[in-house]
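Asker: Could you work out the structure for the sequence below:
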Amino acid sequence: MLVPVIMAGGVGSRLWPASREAYPKQFLSFGNGAGGNEASLFQQSLKRLDGLPDMVPPIVVCNGEHRFLVAEQLRQMNITGATIVLEPVGRNTAPAVALAALAAQARSPDACLLVLAADHVIAQEEVFRAAVVAGQAAADRGELVTFGIVPTRAETGYGYIKAGTSGEPSTALQPVERFVEKPDLPTAQAYVDSGDYYWNSGMFMFRAARFLEELAVFEPEILRACTEAWNAAKPDLDFTRIAPEPFAACPSKSIDYAVMEKTQRAVVVPLDAGWNDLGAWSSVWEHIPRDEAGNVCRGDVLLHDATSSFVQAESRLVALVGVDNTVVVETADAVLVASKDRVQEVKEIVRKLADMKRTETVLHKKVYRPWGSYEGLCSASGFQVKRIVVNPGAALSLQLHHRRSEHWIVVQGMATVTCGNKTFELFQNQSTYIPLETAHRLENRTPQPIVLIEVQCGGYLGEDDIVRLEDVYGR
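Answerer: Numbering: from 1, shown residues only. The predicted structure is shown next:
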């Protein structure tokens, strides 16, 4: 039984402002910009598994704040039976994989895990699947398999794996001699020239029981904390909530440090399949086909005498004149301009924004909720205006506000409104008033999305002025 494990944590700070804490890069699409229904990176990670033998529904390990994003994107793919494990805090990849191994053993003691990141791109999916099949044979023998990317350049942003054989990279399974940290440029070039080294992809395959055996030898505290946290886990709708206290006490270590660098049973499967981890905007530029001037344009973009640049416009026209090797990313509330050679430093902007307690690190102007989304349109002293979309069959919580009243205007669809002791339907071009301190709920009982304009009035308009009386989402 092959169990895909999708590691869907992380915030992708180097891809700010498109990637934010509440909606990070793994749930975004970075395709070629054609159409509007491209799969997210998370969905691509699952789609490329189609056709693998003996595969069962995935285990997804994610931050609890992203649980409804995961559930919705699985629903869009018609994937049922997935186990969604919610980490109360981030503790790096070794504890996350330990939780997945415990979850897989609850399904079957012979489960084989295929551990994948949710934010990778692999162009040649058939080559990837062939590598997985080759790796599974070794995993079934008790080996701990990693997938090494055949390097295409001297890269200082990745760790490396040295294979136990020398010469040109082979397509055969090879023993791992050692893992090495991110090198400087001359060292990276020497690694590539030798033909003995691969980029460390962060993808693994092993039987769940074997991984837990190795963890017991090398990191017993991680195994103890994760086992205690798993045994005390509680179901929450379609999710599994890990017990917070024992998991918070777990050491934070990567799977490389905890197990793979120490085990004597590590093997590497070479993978040459157009892999990219989209770790920065320069990687996105490499991933998308470029025009004859070396530019990538997404959205409403106009260029004059611009070369080798990446431009993404989400909400307005962006024009570039006379620039080279530049990244421009525009969203509704932020614009990034950077040299393509220095996009790794975007994380420093994110850090400064966080120190300033700016919300642009956390939320987009359009904020996704389990029932749909809302988007701020206008705000000033005493009022703000939002555009609200409620998905078919969804409902907001029954709630009230102490410090604001609301006006709702339906611009598309039919809404079912509860206001005080009345429940009624509101049609397109109709409106209603929600007084202060009044219990209310907005529902969509139709098969089509509904769109409303909400005008909030009051002395305080923060999102924390919500008293939930009933909530189907367990918040």
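Asker: strands paired with the helix or strand bottoming out on mean pLDDT in the chain, and their directions?
Answerer: Least confident helix or strand of the chain, by mean pLDDT, DSSP states H and E, is strand 366-369 with a mean of 87. Pairing partners of strand 366-369, with direction, according to DSSP bridges: strand 372-380 (antiparallel).
Asker: Need the contact partners of the strand it pairs with.
Answerer: 332, 365-367, 384-391, 394, 444, 449, 453-454, 461 (C-beta atoms under 8 Å, 6 or more residues apart in numbering). Every residue, glycine included, has its C-beta placed from N, CA and C.
Asker: before we move on, what about stretch 426-445?
Answerer: Counting by C-beta under 8 Å, 6+ apart, 372, 388, 390-420, 424, 450, 452, 458, 469-470 sit against stretch 426-445.
Asker: list the buried ones in the longest strand along the chain?
Answerer: Counting by DSSP state E, the longest strand found in the chain is strand 197-207. The neighbour-count check on strand 197-207 (16 or more other C-beta atoms under 10 Å) flags Y197, Y198, W199, N200, S201, G202, M203, F204, M205, F206, R207 as buried.
Asker: pretty sure the first one is touching A163, no?
Answerer: Yes: counting by C-beta atoms under 8 Å, Y197 sits close enough to A163 to count as a contact (7.3 Å).
Asker: give the contact list for A334.
Answerer: W16, P17, E360.
Asker: Considering those, which possesses the most neighbours?
Answerer: Of all the contacts of A334, W16 has the most neighbours under the rule other C-beta atoms under 10 Å, reaching 24 neighbours.
Asker: what about the closest residue to that residue other than its chain neighbours, how many residues close to it?
Answerer: Leaving out its chain neighbours, the residue that sits closest to W16 by C-beta to C-beta, 6 or more residues apart in numbering is V350, at 5.0 Å. Neighbour count of V350, defined by other C-beta under 10 Å: 22.
Asker: From what I see, V350 and A18 are in contact.
Answerer: No: with contact defined as C-beta under 8 Å, V350 and A18 do not form a contacting pair (12.0 Å).
Asker: pLDDT below threshold where in the protein?
Answerer: 32-37, 165-171 (pLDDT under 70).
Asker: burial of V335, as a residue count?
Answerer: Neighbour tally, V335, other C-beta under 10 Å: 12.
Asker: Tell me the spacing between it and R316.
Answerer: Shown here: V335 relative to R316, a distance of 10 Å by C-beta to C-beta, to the nearest Å.
Asker: and if you look at G159?
Answerer: With C-beta to C-beta as the criterion, G159 and R316 are 39 Å apart.
Asker: And the two? Which one has more around it.
Answerer: Neighbour count, other C-beta under 10 Å: between G159 and R316, G159 has more, with 17 against 11.
Asker: do you know how far that one is from F247?
Answerer: 26 Å.
Asker: Export stretch 228-245 to PDB, keeping only CA atoms.
Answerer: Extracted in PDB, the C-alpha atoms of stretch 228-245 (Å, rounded to 0.1, in the frame of the first residue of the first chain):
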ATOM      1  CA  GLU A 228       1.900  10.900  22.800                       C
ATOM      2  CA  ALA A 229       0.500  13.700  20.600                       C
ATOM      3  CA  TRP A 230      -1.000  11.300  18.100                       C
ATOM      4  CA  ASN A 231      -2.500   9.000  20.800                       C
ATOM      5  CA  ALA A 232      -4.300  12.100  22.300                       C
ATOM      6  CA  ALA A 233      -5.400  13.500  18.900                       C
ATOM      7  CA  LYS A 234      -9.000  14.400  18.400                       C
ATOM      8  CA  PRO A 235     -11.300  14.400  15.400                       C
ATOM      9  CA  ASP A 236     -12.500  17.800  14.300                       C
ATOM     10  CA  LEU A 237     -15.000  17.600  11.400                       C
ATOM     11  CA  ASP A 238     -12.900  15.900   8.600                       C
ATOM     12  CA  PHE A 239      -9.600  16.700  10.300                       C
ATOM     13  CA  THR A 240      -7.300  15.200  12.900                       C
ATOM     14  CA  ARG A 241      -6.200  17.700  15.600                       C
ATOM     15  CA  ILE A 242      -2.900  16.700  17.200                       C
ATOM     16  CA  ALA A 243      -2.700  17.200  20.900                       C
ATOM     17  CA  PRO A 244      -0.900  20.600  21.400                       C
ATOM     18  CA  GLU A 245       1.000  20.200  24.600                       C
END
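Asker: mind listing what's buried in it?
Answerer: E228, A229, W230, A233, F239, T240, R241, I242, A243.
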